[in-house]
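Asks: need the 3D shape of this:
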Amino acid sequence: EEDSNSSSETIDGEQNREGWDNKVQYILAQIGFAVGLGNVWRFPYLCQKNGGGAFLIPYFIMLLLEGIPLFYMEIAIGQRLRRGSVGVWNHIHRYLGGVGIASMVVCFLIALYYNMIIAWAFFYFFNSFQSPLPWSSCPTVPNVTINNHSVAECADTSATSYFWYRNALDISPSINDPGSPVWRMCLALVVAWLIVFIGMFKGIKSSGKVIYFSATFPYIVLIIFFFRGITLPGAVDGLVYMFTPDMSRLADPNVWRDAATQIFFSLGLGFGGVIAYSSYNDMKNNCKKDALTVASINCGTSIFASVVIFTVLGFKAHHRSQQCIDHVRSLLSTQFYTQGFTWLKNLTIKDRFNYVMLNVSLLLQNWQSVNITDCTIKSELKEAVSGPGLAFIAFTEAMIHMPAGPFWSVMFFCMLINLGLGSMFGTLEGIITPLRDIGLRIPKEAIVALLCLISLAIGCTFTLRSGMYILDIFDTYAGTLPLLMIAFFETMAVAWVYGFSKFSDDIKLMLGGDGPGWFWRATWCYISPICMFTLFVSSIISLAVKTPQYEVYVKSKIKVDYPGWAIGFIVCLIFCSIIWIPIIAFLR
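Replies: Reported below is the predicted structural model:
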């Protein structure tokens with residue numbers, strides 16, 4: 001207790017820690033960290049998958065019971081103790097120092113693959129300055145007997161899918177076939193890490209300036225896309241499909257787990273970035289208001305982005321529906337005239353209809369080989385897509401059919417780059433701030449440069465032809481179970497080790513007034529830890545009952561089981577971060 005009090009005096013008297021230039025800069029930094037690629041390409045997918053508008057019910061409940069309380073707690077503890085994640089948990093109890101180290105390791109693992117996604121966006125951004133767009137049509141192969149024809153694989157899928165898998169990734173047919181690095185992706189990754197270094201080499205003094213643009217530009221683009229999207233044919237169909245509620249889905253526990261997980265990760269809980277950013281605040285800053293503001297903006301952005309995404313996907317579905325109808329008409333017309341029914345074209349519409357009704361069985365026998373597909377817009381929208389598939393295949397396909405397609409493509413990928421950079425700054429701050437707080441006597445510029453170089457070298461793994469498969473492992477496992485475990489220990493540390501009463505006194509010291517009420521006590525001490533533990537157990541069960549699989553691309557996507565070495569790598573990836581929690585406790 002004496003050690004804790006003496007530490008608090010040091011904290012109160014700390015005057016040399018750098019701070020934000022102003023409150024707006026800090027809020028934009030937190031928004032930039034929270035609002036990332038997941039808001040644009042994961043939340044719409046979850047709504048589509050989990051009952052449309054009905055998904056908003058568990059989403060808002062989990063935001064209230066899990067998201068906002070944990071976000072408020074991280075901001076408040078970082079602002080009060082004015083340290084990064086390692087310093088905060090060391091201060092609360094020496095046995096808990098491993099929680100901060102675990103956060104740093106998770107941030108490093110996520111930064112490795114997250115910047116590869118930004119590199120993909122850079123690649124598409126640079127390729128967007130062409131008309132027509134390079135993914136607008138299939139490549140052709142010469143033929144000595146007939147006219148040039150499209151590559152068969154491209155014709156069987158789509159031009160956008162072929163460009164993504166073959167031109168951009170040059171993907172291998174298996175995770176066991178790594179292949180060589182794809183040089184164009186190597187260059188894009190170098191550009192991505194160079195931009196990150198420029199934005200962070202002066203700490204929050206440089207990233208704080210960059211964040212003015214990176215945090216606001218995506219909203220400008222989303223607003224522009226919104227007004228363009230609602231004028232496109234099929235936009236209303238997309239929105240109706242998106243928000244039509246299927247209340248029966250609420251009985252599925254997986255829907256609630258998806259809602260809780262999305263809230264958890266979209267706010268950046270457990271990373272240490274929220275704590276790092278808030279540690280540069282003034283002690284008397286209204287952290288409660290900040291938490292409510294940023295969490296609300298993050299939630300609103302997810303919903304608004306879903307509206308924008310589905311107006312464009314509705315347009316794509318409308319265009320594909322028209323193509324499907326034309327194709328079916330062509331098939332039927334061909335069948336009429338090749339099966340001896342050429343005389344039907346001389347009949348009136350009424351006589352044709354009467355003939356068809358009287359000779360259905362005969363016509364069906366002749367049309368057995370005709371592949372008649374469902375051409376409704378709804379059927380085109382049923383195929384749920386998320387992640388890279390949404391951004392680099394579905395959305396790019398929609399843009400090639402929009403007037404001034406290259407302009408919209410430039411805007412869209414510039415938006416993705418800025419969304420990614422905002423999250424990258426916060427993720428790396430979750431590494432850099434703790435390193436400086438533990439007394440690492442290296443200039444911050446050198447820390448940033450070394451971190452970027454090491455990350456670039458390791459990140460080149462994702463530029464291999466099998467890099468997409470490796471990245472999917474990182475995306476699925478590096479930050480799921482570890483962050484749930486970290487957040488569980490955070491809530492237990494603050495509510496039970498540090499103590500709710502002491503934490504309440506700290507908040508009263510910072511904000512004045514009566515301190516946190518019964519709602520915050522209930523969520524911090526009971527509801528949030530139970531949510532974290534339940535999510536952790538359910539995730540473990542879902543991993544244990546089914547062999548992990550991944551999608552391979554061999555002219556089309558199919559799911560196969562991970563090989564043994566990949567499952568071993570997954571286990572190492574999960575435990576290489578959280579193992580520090582018991583190790584540090586044991587050593588101390």
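
Asks: what segments of the protein are strands?
Replies: 140-141, 149-150, 549-553, 557-561 (DSSP state E).

Asks: so how far is the first one from its chain's centroid?
Replies: A distance of 36 Å separates the C-alpha centroid of strand 140-141 from that of its chain, computed with Cα atoms, centre = their mean, to the nearest Å.

Asks: from the contact counts, what lies against that strand?
Replies: Judged by 3 or more Cβ pairs under 8 Å, 6 or more residues apart in numbering; DSSP states H and E, the packing partners of strand 140-141 are strand 149-150. For glycine as for every other residue, the C-beta is placed from the backbone atoms N, C-alpha and C.

Asks: residue 197 versus residue 92, what's the distance?
Replies: 33 Å (Cβ to Cβ, to the nearest Å).

Asks: so between those two, which is more surrounded?
Replies: residue 92 (24 against 19; other Cβ atoms under 10 Å).

Asks: and the pLDDT at that one?
Replies: Residue 92 is assigned a predicted lDDT (pLDDT) of 93.

Asks: want to throw the strands of the chain into a markdown table with mean pLDDT, mean neighbour count and distance to residue 515?
Replies: Compiled in a markdown table, those are given as follows (pLDDT from 0 to 100; neighbours: other Cβ atoms under 10 Å; distance: least, Cβ to Cβ, whole Å):
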| stretch | mean pLDDT | mean neighbour count | distance to residue 515 |
| --- | --- | --- | --- |
| strand 140-141 | 75 | 11 | 71 |
| strand 149-150 | 62 | 14 | 68 |
| strand 549-553 | 86 | 16 | 49 |
| strand 557-561 | 85 | 11 | 52 |
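
Asks: can I get those strands in a markdown table including distance to residue 468?
Replies: Formatted as a markdown table, the strands of the chain follow (distance: least, Cβ to Cβ, whole Å):
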| stretch | distance to residue 468 |
| --- | --- |
| strand 140-141 | 25 |
| strand 149-150 | 24 |
| strand 549-553 | 8 |
| strand 557-561 | 11 |
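
Asks: quick one: closest of those strands to residue 175.
Replies: Residue 175 sits nearest to strand 549-553 of all these, at 6.6 Å, using Cβ to Cβ.

Asks: what's near enough to touch the nearest residue to residue 528 once chain neighbours are set aside?
Replies: Leaving aside its chain neighbours, residue 528 sits nearest to residue 491 (5.0 Å; criterion: Cβ to Cβ, 6 or more residues apart in numbering). Residues in contact with residue 491 (Cβ atoms under 8 Å, 6 or more residues apart in numbering) are 70, 73, 524, 528, 529, 532.

Asks: so the fifth one sits against residue 489, correct?
Replies: In this case it means residue 529. No: under the contact definition of Cβ atoms under 8 Å, residue 529 does not touch residue 489, with a separation of 9.4 Å.

Asks: run through who's touching stretch 471-486.
Replies: 99, 102-103, 105-106, 109-110, 112-113, 116-117, 261, 264-265, 269-271, 387, 462, 532, 535-536, 539-540, 550-551, 566, 569-570, 573-574, 577-578, 581.

Asks: if we use 6 Å, what do you get?
Replies: 102-103, 106, 109-110, 113, 116, 270, 462, 532, 535-536, 539, 550, 570, 573-574, 577-578 (Cβ atoms under 6 Å, 6 or more residues apart in numbering).

Asks: quick one: average pLDDT of that stretch?
Replies: For stretch 471-486, the per-residue pLDDT averages 90.

Asks: could you do stretch 244-255 as well?
Replies: 86.

Asks: can you name the residues that contact the nearest residue to residue 124 once chain neighbours are set aside?
Replies: Among residues not flanking residue 124 along the chain, residue 413 sits closest, at 4.8 Å (Cβ to Cβ, 6+ apart). When contacts are counted by Cβ under 6 Å, 6+ apart, residue 413 is found next to 121, 124, 125.

Asks: which of these sits closest to residue 160?
Replies: residue 124 (10.5 Å).

Asks: where does the closest one land on pLDDT?
Replies: Residue 124 carries a pLDDT value of 96.

Asks: number of nearby residues for it?
Replies: The local packing of residue 124 (other Cβ under 10 Å) involves 25 other residues.
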